[in-house]
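Peer 1: This is a predicted model, with the sequence first.
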Amino acid sequence: GAVVSQHPSWVICKSGTSVKIECRSLDFQATTMFWYRQFPKQSLMLMATSNEGSKATYEQGVEKDKFLINHASLTLSTLTVTSAHPEDSSFYICSADTKRASGDNEQFFGPGTRLTVL
Amino acid sequence: SQQGEEDPQALSIQEGENATMNCSYKTSINNLQWYRQNSGRGLVHLILIRSNEREKHSGRLRVTLDTSKKSSSLLITASRAADTASYFCATSDGRIKFYFGSGTKLNVKP
């Protein structure tokens, strides 16, 4: 099946620094990728839709200047958490969209990145 | 959650028993999908059911969908310790975004 990787798998940083997380589709091309964040014992919250070659679309309440998304190629999207603060500590998961033979959209998920901001 | 709720929030059963989780959603959907997440890991797709389907099976999984009640259930039969995980439903309106329910944490005791 389709494989999506994320790097790094975990990162610890100081408050005020920026952190970049990469999401790659390894064996397929994805014009659309998604970024989610997940707080402990909670569900996934869709943050933004990353479109190859165009600007990302952010969900309501998500600061686009805080969470910079770049989708430079059909296999890579990056999320940069700028000027990170402890409240940004979370589990960030990306997914890459593809179409099933049936025509239904399916998302393949990366393994997630645990961000801890001290 | 962005889309709906799942219940129970947590479920603890003995190996061999059946586990049933329910998902309710808020808007019209094109399909509903169930995912599984092991602790601290990404999500694995389990099964998809379309809005014009009422029931679907895949191995030990059985999913039902009631669009009039905006609800779905996931039944895992003859559960195993390895089924211990969190289970999420995700809905799609036919466009590209998915919205996840709040999840059910299943613990299967050996």
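Peer 2: Looks like it came in fine. Everything numeric here is computed off the predicted structure, so don't read it as measured data.
Peer 1: what comes up buried for the biggest strand by length in chain A?
Peer 2: The longest strand of chain A (DSSP state E) is strand A:90-99. For strand A:90-99, the neighbour count (16 or more other C-beta atoms under 10 Å in any protein chain shown) marks A:S90, A:F91, A:Y92, A:I93, A:C94, A:S95, A:A96, A:D97, A:T98 as buried. To be clear about C-beta, it is placed using only N, CA and C from the backbone, and glycine gets the same treatment.
Peer 1: Stretch B:59-73 now?
Peer 2: B:L61, B:R62, B:V63, B:T64, B:L65, B:K70, B:S71, B:S72, B:S73.
Peer 1: counting contacts, what elements does the host helix or strand of the last one pack onto?
Peer 2: In the assignment (DSSP states H and E), B:S73 maps to strand B:71-76. If contacts are counted by 3 or more C-beta pairs under 8 Å, 6 or more residues apart in numbering or on different chains; DSSP states H and E, strand B:71-76 sits against strand B:19-24, strand B:31-37, strand B:43-50, strand B:61-66, strand B:85-92.
Peer 1: Where does A:S15 sit: helix, strand or coil?
Peer 2: Three-state call for A:S15 (DSSP: H, G, I helix; E, B strand; the rest coil): coil.
Peer 1: still on that earlier bit, quick one: the helices and strands packed on strand B:71-76 as JSON lines, columns for mean pLDDT too.
Peer 2: As requested, the helices and strands packed on strand B:71-76 are exported to JSON lines (pLDDT from 0 to 100):
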{"stretch": "strand B:19-24", "mean pLDDT": "95"}
{"stretch": "strand B:31-37", "mean pLDDT": "92"}
{"stretch": "strand B:43-50", "mean pLDDT": "91"}
{"stretch": "strand B:61-66", "mean pLDDT": "97"}
{"stretch": "strand B:85-92", "mean pLDDT": "91"}
